[in-house]
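Visitor: heads up, no residue letters with this:
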């Protein structure tokens, strides 16, 4: 009887491994994801899943099943097969951990802001580092007069600033409050290209 139970348990483990292979290796695969792919995912793809971490595209559907969905919603960006797999790993991670991922969690440099932009320049996803409790001001300079949305969010998807802005002032100061230490990210989205030329947290 004991042998039968052990065999049954072993077969169950094999079945689970084949049914959910990505769930066991997603953490390892995230190490090789590029900043470009993470920026695209966190600006264009993550938003529609943030409120439904167990939503339609579960990790056990396989990356091939997600391919057409990813290509349909990644705007005008050319996506390779390798990048599609990276998107799928990010989706798997977000749905399992309910968290966002960014390869570079270090401090950004103002001269490298374009590194965190979509190729179309319509969105940015910028790691702000760890912010402690307190009141902050986001100072941002935009080259164009354009309508855009600004969000400060944590890696756990919690929002701390969410504001739509249209202003002919090139420098804006937006207040927000952090109630606990977080790894913070800035997400900017626009329907037309915009260029962030300076950014500061005070």
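Guide: Thanks, I have it. Bear in mind that the values here come from a model prediction, so they are computed numbers and not experimental data.
Visitor: give me the three-state assignment for residue 103.
Guide: Put simply, residue 103 is coil when judged by DSSP: H, G, I helix; E, B strand; the rest coil.
Visitor: what confidence value was assigned to it?
Guide: In this model, residue 103 is scored at 86, pLDDT.
Visitor: need the contact list for the nearest residue to it once chain neighbours are set aside.
Guide: Nearest non-adjacent residue to residue 103, counting by Cβ to Cβ, 6 or more residues apart in numbering: residue 35, 5.2 Å away. C-beta: built from backbone N, CA, C; applies to glycine. For residue 35, the contact set (Cβ atoms under 8 Å, 6 or more residues apart in numbering) comprises 102, 103, 104, 115, 116.
Visitor: change it to 10 Å
Guide: The contact partners of residue 35, by Cβ atoms under 10 Å, 6 or more residues apart in numbering, come to 102, 103, 104, 115, 116, 125, 127.
Visitor: can you flag the buried ones in those residues?
Guide: Among the contacts of residue 35, those buried by neighbour count (16 or more other Cβ atoms under 10 Å) are 102, 103, 116, 125, 127.
Visitor: could I get the phi/psi values of the fourth one?
Guide: Taking degrees, to the nearest 10, you get phi -140, psi 110 for the backbone angles of residue 125.
Visitor: okay, domains of this structure per the record?
Guide: As assigned by automatic domain parsing, the chain contains the domains 22-97, 110-201.
Visitor: can you put those in TSV and add mean pLDDT?
Guide: TSV is the format used below for the domains of the chain (pLDDT from 0 to 100):
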stretch	mean pLDDT
domain 22-97	71
domain 110-201	91
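Visitor: quick one: the helices in the protein, in order.
Guide: Taking DSSP state H as the criterion, the chain carries its helices at 2-19, 21-30, 35-40, 47-50, 63-73, 81-97.
Visitor: how much space separates the residue nearest to the spatial centre of the chain from residue 113?
Guide: Against the mean C-alpha coordinate of the chain, by Cα atoms, centre = their mean, the closest residue is residue 42 at 2.7 Å. To residue 113, residue 42 is 15 Å away according to Cβ to Cβ, to the nearest Å.
Visitor: same check, this time on residue 148
Guide: In terms of Cβ to Cβ, residue 148 sits 14 Å off from residue 113.
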